[in-house]
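**Student:** Have a look at this prediction, sequence included:
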Amino acid sequence: MSKNNEDISKDLVHMDIYAIVESTQELHFGNVKDLNINRVELISVPKDGAIIQKPYMSPTKVRGVARRALLWELARLGDKKVMSCGIPATCGVCDLCKLYGALVTTQKGKKPKRSDTETQEAEETETEGSVASRVIQAGGVAIQELSPAIKQRLSSPCYIINGKIGQYDVEEIKKLLKERGIKGDALNRLSQPMPYEKEYVTGLFPIYWHAYYLEKVKGNDSKMSEPQMVAFSFIETLKRIGAGHPKGAEIKEGKISEKPQPLVVVDIYTRPLGKRPIISISELDEKTALEAFAKKALIVNGTNTNDKASKTNHITIKDEGGFFVFERFIGENAEDFLRQLAGGLATSSEMLTPKQ
Amino acid sequence: MKPLYLKELEITPTSALSFRKLPMSHKVISSYSFIPPTVLSGFLYRLIRLYYGKAMPRPRVFKNGDPVVDEYFILENPLTSPETKGVFCLGAYPTCSANFTSIRMGYQDLSLGITFASDLVPFRRNRDEIFSLLSNNSAKIKDYKKIMDKIRGARDDYRYYKTVENVLLFYEGESSISERMIPDHSRLNKKGKVASGTTYDTKIRRAPLDWEFTVANSYAAYLVSENQGSLSIFDNLQNYGHKIGKEGFAYIPDARRTQELVPQNGKFRSSTIIPLDPNVQYASQIRFELLYFFNGKSFSKGMFAREGYEVTGDFFSTPSNHIHIPKITLTKLGCLS
């Protein structure tokens, strides 16, 4: 590895989040194909030599929601750099782009002026092209093979006419709209009830987030540390997922080490010693899947840590030199940890907050 | 002939994966249903970096010219990966997989440019409709004749008409519309957007695209080397994971024991891709795909058949006779000294 040979600093960690989420209500994940009927996207999955179709919370859609949630939050916190960023025109220099990646297809900025003090600065801030994302969303293939439900919907116009609210004569609405300067096709569209059909899905979706080379410590001019950004966007995405209404998913409750708790696992590590709680995409049975998740969640460094985990839900491993190289939060503790981290509070993490 | 060793790695994806197929199109992204050798190689290269705690290679400034070899971050490239000299990736193959196509919208500007709806037949515009739109607005159009000529001279393309319609609607509030505001068809067509010259330039939207993914539970990855020791590094990669291909994430749950390969001859079912070669008999229904491969100095393109077909010729097999690797594949990828 002759190029980019520099060792990474000790202040970088990897972070994985594994969770099983359930839709709190029926959700719509668009797959625009037909006129007047809003289809949902289904994924084809191999199963015993055949191919079956399952509901799909596509990682690309989760990612879009996560990035927007984070963009708004950073803007709300008063991050100056993020103000010139957006989707799809990513800036490539803000904290969000550094973590989530940016597509920069042209050389940005002007050539630095040849003044001694400025040159140094300009070289540092000049973008180096595209930024590769360090957060990967994965999973999203539903466990059960549930067919989408088609629902009839009616979009009926509602305006305030003569101080009254309710449905009125089409002509009266048209008159009102004309006064507002609307004309042509739009006039018909906005004044008449529009029936349409929409598909919805429900179910359990295992979702996995993988993030690598996160900086433990918050930068001086940053509003959030990188692990905090990952945790925040994960938590925030859950309530925003789904197109239109209703929205939202919640972490499923299940049994881990004989205790009912949220099915979520968070790993912070420099060495991946935990068994990854991945559920086979071909699995159809809810009970088997949840048991598999709970079982794998307890396996760390090749051994079952049930005894230790049932007390603390927090497993840590040190290397030969006495440094922490891996820690896993399980269930309730994992959810608490994510929420504390997302909120910028102190956490019980050994790897993110090294003790002196 | 030197003995040849095989390393088998299990690869488990945690999501649907996408490996962009050649030839590329900007409207449709097709995916191979296996992990091509170069993709696998780049993936393992990055896992080794993770293992050693080294920084990932960074994407360079957007290039217009050809990439240079020292930017190929794969195991076979001695310039970027001298430690893995003599190790060759043969790709990774699923036991069973499904492909599915998702429709992705690209980005959109609802008021301008080509929207998703303009692709639907009821929303398409033809030449006459644009002409009637122009004549409706003729009072405020300065170079009416020039614009008519421009549109008449353009190729018959509903996307272009839609763009012109959007431009006209965009400037509806303006007191006058000049010829400069209407993009040339040739300029519009080059890269799917207007090159330069109007204020409208950057507003054109990318068209929706069909994006194919491949879905599988696990893949078997094959690596060969004439030096047994150089394959041992992959034992350390257990449980490491990274982004793979164009979309998706995968990790290595298990690295199998290194096995020595036995040269054989006859009829066999290939475990890897097979290049198109005049000296090999293929089954009649065999299908070939265009694939990038690295020949030790640079990338080339070639036709390969998928794994799982029966062919006759020289091949290598494991002692248990489970895995069959055609000799021509090894020759083509430069694995044999």
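**Tutor:** Yep, that arrived.

**Student:** so where's chain A shaky on pLDDT?
**Tutor:** Within chain A, the stretches with pLDDT under 70 are A:1-9, A:32-33, A:105-128, A:167, A:354-356.

**Student:** now the helices for it?
**Tutor:** All helices of chain A, identified by DSSP state H, fall at A:59-76, A:95-100, A:116-125, A:170-179, A:185-191, A:226-240, A:286-297, A:306-312, A:331-342.

**Student:** likewise the stretch 101-250 of chain B?
**Tutor:** Counting by DSSP state H, counting those that start in this stretch, one finds helices in the stretch 101-250 of chain B at the ranges B:127-136, B:144-153, B:158-170, B:185-189.

**Student:** Single out the most deeply packed of the ones you listed.
**Tutor:** Taking mean count of other Cβ atoms under 10 Å in any protein chain shown as the contact definition, the stretch among the helices of the stretch 101-250 of chain B with the greatest mean neighbour count is helix B:158-170, which reaches a mean of 20. Just so you know, the C-beta spots here come from the backbone N, C-alpha and C atoms, and that holds for glycine as well.

**Student:** if we can go back for a sec, chain B is nearest to which of the helices of chain A?
**Tutor:** The closest of the helices of chain A to chain B is helix A:59-76. By Cβ to the nearest Cβ, the value is 5.3 Å.

**Student:** Show the low-confidence segments of the stretch 201-337 of chain B, by residue range.
**Tutor:** Going by pLDDT under 70, which is the cut-off in play, the stretch 201-337 of chain B has low-confidence ranges at B:201-208.

**Student:** closest one to residue A:157 among the helices of the stretch 101-250 of chain B?
**Tutor:** helix B:158-170 (23.1 Å; Cβ to Cβ).

**Student:** Quickly check: the closest one near chain A or not.
**Tutor:** No: in this structure, helix B:158-170 remains apart from chain A according to Cβ under 8 Å from any Cβ of the partner chain; the gap is never smaller than 10.3 Å.

**Student:** That helix to helix B:127-136, inter-axis angle?
**Tutor:** Calculated by axes from the mean of the first three to the mean of the last three Cα atoms, to 10 degrees, helix B:158-170 forms an angle of 20 degrees with helix B:127-136.

**Student:** what inclination does helix B:158-170 have with respect to helix B:144-153?
**Tutor:** Per the same axes, to 10 degrees, the angle that helix B:158-170 makes with helix B:144-153 is 160 degrees.

**Student:** so what secondary structure elements neighbour helix B:158-170?
**Tutor:** helix B:127-136, helix B:185-189 (3 or more Cβ pairs under 8 Å, 6 or more residues apart in numbering or on different chains; DSSP states H and E).

**Student:** and that helix, how far out from the chain's middle?
**Tutor:** On the basis of Cα atoms, centre = their mean, to the nearest Å, helix B:158-170 is displaced by 32 Å from the centre of the chain it belongs to.

**Student:** Stretch B:78-92 now?
**Tutor:** In terms of Cα atoms, centre = their mean, the centre of stretch B:78-92 is found 21 Å from the chain centre.

**Student:** cool, and stretch A:300-313?
**Tutor:** Once both centres are worked out by Cα atoms, centre = their mean, stretch A:300-313 turns out to sit 28 Å from its chain's centre.

**Student:** With stretch A:144-154 instead?
**Tutor:** 24 Å.

**Student:** on that earlier part again, can the helices of the stretch 101-250 of chain B go into TSV with extra columns for mean pLDDT?
**Tutor:** TSV is the format used below for the helices of the stretch 101-250 of chain B (pLDDT from 0 to 100):
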stretch	mean pLDDT
helix B:127-136	85
helix B:144-153	83
helix B:158-170	76
helix B:185-189	63
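
**Student:** Nearest approach to chain A belongs to which of the helices and strands packed on helix B:158-170?
**Tutor:** Judging the helices and strands packed on helix B:158-170 by Cβ to the nearest Cβ, what sits closest to chain A is helix B:127-136, at 11.0 Å.

**Student:** can you tell if that closest one touches chain A?
**Tutor:** No: no part of helix B:127-136 sits near chain A under the criterion Cβ under 8 Å from any Cβ; the closest distance found is 11.0 Å.

**Student:** Pull the residues that contact that helix.
**Tutor:** Helix B:127-136 is contacted from outside by B:141, B:144, B:147-148, B:151, B:156, B:161, B:164-165, B:168, using Cβ atoms under 8 Å, 6 or more residues apart in numbering or on different chains.

**Student:** same check, this time on stretch A:193-204
**Tutor:** Taking contacts as Cβ under 8 Å, 6+ apart, the residues outside stretch A:193-204 that touch it are A:20-23, A:25-29, A:36-40, A:55, A:142-144, A:146, A:148-157, A:244, A:252, A:286, A:289.

**Student:** can you tell me which of those are in strands?
**Tutor:** When the contacts of stretch A:193-204 are checked against strands (DSSP state E), the matches are A:20-23, A:37-38, A:55, A:149-155.

**Student:** about what we covered before: the helices of chain A: which one's closest to residue B:311?
**Tutor:** Of all those, helix A:59-76 sits nearest to residue B:311, with 37.5 Å by Cβ to Cβ.

**Student:** how far does that closest one sit from the chain's center?
**Tutor:** Between the centre of helix A:59-76 and the centre of its chain there are 7 Å (Cα atoms, centre = their mean).

**Student:** what's the angle from it to helix A:226-240?
**Tutor:** Relative orientation of helix A:59-76 with respect to helix A:226-240: 110 degrees, computed using the same axes, to 10 degrees.

**Student:** Quick one: check helix A:59-76 for contact with chain B.
**Tutor:** Yes: contact check for helix A:59-76 against chain B, using Cβ under 8 Å from any Cβ: residues in range are A:59-60.

**Student:** what comes into contact with that helix?
**Tutor:** Here helix A:59-76 makes contact (Cβ under 8 Å, 6+ apart) with A:29, A:82-83, A:85-87, A:94-96, A:100, A:135-140, A:207, A:223-224, A:229, A:232-234, A:236-237, A:240-241, B:15-16, B:102, B:104, B:247-248.

**Student:** just stretch A:303-313 next, same as before
**Tutor:** Contact partners of stretch A:303-313, identified using Cβ under 8 Å, 6+ apart, comprise A:256-259, A:261, A:298-299, A:315, A:329-334.

**Student:** do that again at 6 Å, thanks
**Tutor:** Residues lying outside stretch A:303-313 but in contact with it, judged by Cβ atoms under 6 Å, 6 or more residues apart in numbering or on different chains, are A:257, A:298, A:315, A:330-331, A:333.

**Student:** For that stretch, buried residues please.
**Tutor:** A:305, A:308-309, A:313 (16 or more other Cβ atoms under 10 Å in any protein chain shown).

**Student:** ok, now stretch B:47-58?
**Tutor:** Going by 16+ other Cβ under 10 Å, stretch B:47-58 has these buried residues: B:47-51, B:54-57.

**Student:** Which residues of the stretch 51-200 of chain A lie near chain B?
**Tutor:** For the stretch 51-200 of chain A, the contact set with chain B under Cβ under 6 Å from any Cβ of the partner chain comprises A:51, A:59, A:88, A:105, A:129-130, A:132, A:136, A:138-139.

**Student:** among these, which two are most distant?
**Tutor:** When these are compared pair by pair using Cβ to Cβ, the farthest-apart members prove to be A:51 and A:129, with a separation of 39.5 Å.

**Student:** of those two, who's got more company?
**Tutor:** Counting neighbours by other Cβ atoms under 10 Å in any protein chain shown for residue A:51 and for residue A:129 shows that residue A:129 has the greater number, 18 against 15.

**Student:** okay but the more buried one is in contact with residue A:102, surely?
**Tutor:** No: counting by Cβ atoms under 6 Å, residue A:102 is not a contact partner of residue A:129; they are 9.2 Å apart.

**Student:** Could you work out the end-to-end span of stretch B:302-316 for me?
**Tutor:** By Cα to Cα, to the nearest Å, the extent of stretch B:302-316 from end to end equals 22 Å.

**Student:** so does it get close to chain A?
**Tutor:** No: when contact is scored as Cβ under 6 Å from any Cβ, no part of stretch B:302-316 falls within range of chain A; the minimum is 13.6 Å.
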